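In: Whatever this is, show me its structure:
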Amino acid sequence: MEDFFVYIDRLLFTFFNQTIANPVFDVLMPFVTDLNKYTLSFVVVGLIWIALIIWGGKTGRLVAAGLVLVIALADQFNSSVLKSIFERSRPCHFIDDGLLNVENVRLLVGCGSGRSFPSSHAANNAAGAMLVGWYYPRFKWLFIAIALTIGISRIYVGVHFPLDVLGGFVVGIVCAFVVIGILTASDWLYLNLFKKKRGGGELDKKEE
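Out: Numbers count the residues shown, from 1 in each chain. Got it, this is the predicted structure:
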C-alpha cells in the first residue's frame with residue numbers, strides 16, 4: 001500500500017514538473033517559488049504588517065501578532081522536528097530505487113540541501129493564509145490561492161513532491177488553528193478578567 005501512494009506521488013510529480021511544462025511557467029514558477037528571497041517582498045510584507053498594527057484596529061493587531069507566532073511555529077516545527085523524523089529526500093536528490101525512481105527532473109532553481117517532507121514553503125504560506133483568512137474572511141480565497149500557487153510552484157521547479165506540499169499544507173493549517181486558539185483565549189482573558197477587574201477597580205474608587 002505504501003508503494004502505491006509513493007508511486008502516485010511520483011506520477012503527480014511528473015505531471016506538474018514535466019507534463020504541463022511550458023515557457024511561461026518556466027519563468028513564472030521560479031519567480032513565485034523564490035518570492036521569499038527578494039528584498040522587495042520583505043519590504044512589502046513589513047509595510048503591511050506595520051499598517052495592521054497602526055491602522056488595523058484590534059483585529060489588525062491580533063493578526064500582526066498571530067502572523068509572527070504562526071510562521072515561527074510552523075517553520076520551526078516543520079523544519080526542526082518533522083523533517084528530521086521523516087528524512088525524505090528531495091526529487092532533485094532522489095536516489096535510484098527501481099520502479100519508483102524519478103527520471104529527468106526539471107530543476108529550475110537551486111535544489112537545496114534540506115529534507116523534502118513536509119514542505120516548509122507550503123507550511124508557512126498555508127499557516128499565514130489560514131490565519132489571515134480567519135480574521136478577514138472576505139479575502140480568504142485570495143490568500144488560499146496564493147498559498148496553493150506557491151505550493152504548486154515547489155513541485156513545478158523540481159524541489160518537492162506533491163505529498164511534501166500536501167503535508168506542508170496540513171502542518172500549516174494545524175499551526176494556524178493552534179495560534180487562532182491562543183489568540184482567542186488571550187483576547188477572552190483580557191476582556192473578561194483583566195479589563196473587567198480594572199473597570200471594577202475604577203468603579204470602586206468612584207463610589208468612595
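
In: Regarding the chain, what is its longest helix?
Out: Longest helix of the chain, by residue count under DSSP state H: helix 162-189.

In: pLDDT averaged over it, what's the number?
Out: Averaged across helix 162-189, the pLDDT comes to 94.

In: ok, and for it, which residues are buried?
Out: Using 16 or more other C-beta atoms under 10 Å as the test for burial, helix 162-189 gives 162-169, 171-176, 178-180, 183. Every C-beta, even on glycine, is put in place using the N, C-alpha and C of the backbone.

In: same thing with stretch 30-41?
Out: For stretch 30-41, using 16+ other C-beta under 10 Å, the buried residues are 32-35.

In: starting at the chain centroid, how far to it?
Out: Stretch 30-41 sits 14 Å away from the centroid of its parent chain (C-alpha atoms, centre = their mean, to the nearest Å).

In: re earlier: same list, the buried residues of stretch 30-41, but as TSV with secondary structure please.
Out: Formatted as TSV, the buried residues of stretch 30-41 follow (DSSP: H, G, I helix; E, B strand; the rest coil):
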residue	secondary structure
32	helix
33	helix
34	coil
35	helix
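
In: just for this protein, where's the confidence low?
Out: Residue ranges of the chain with pLDDT under 70: 1-2, 94-101, 194-208.

In: follow-up on the earlier one: of the buried residues of stretch 30-41, which is the nearest to residue 93?
Out: residue 33 (16.9 Å; C-beta to C-beta).

In: Please tell me how far the closest residue to that closest one other than its chain neighbours sits from residue 103.
Out: The shortest distance from residue 33 to any residue other than its chain neighbours is 4.0 Å, reached at residue 153 (C-beta to C-beta, 6 or more residues apart in numbering). Distance of residue 153 to residue 103, given as C-beta to C-beta, to the nearest Å: 21 Å.

In: Who has more neighbours out of those two?
Out: Each of residue 153 and residue 103 has its neighbours counted (other C-beta atoms under 10 Å); residue 153 has more, 26 against 9.

In: Can you give me the buried ones in stretch 7-14?
Out: Residues of stretch 7-14 classed as buried: 9-10, 12-14 (neighbour count, 16+ other C-beta under 10 Å).

In: swap that for stretch 15-27, please
Out: 16-17, 25.

In: Now distance to residue 112 and secondary structure too, for those residues, in TSV please.
Out: As requested, the buried residues of stretch 15-27 are exported to TSV (distance: C-beta to C-beta, whole Å; DSSP: H, G, I helix; E, B strand; the rest coil):
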residue	distance to residue 112	secondary structure
16	18	helix
17	16	helix
25	20	helix
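
In: Just give me the closest of these to residue 88.
Out: The nearest one, if we look at the buried residues of stretch 15-27 relative to residue 88 and count by C-beta to C-beta, is residue 17, at 16.5 Å.

In: contacting residues around the closest one?
Out: By C-beta atoms under 8 Å, 6 or more residues apart in numbering, the contact set of residue 17 is 91, 105-106, 155-158.
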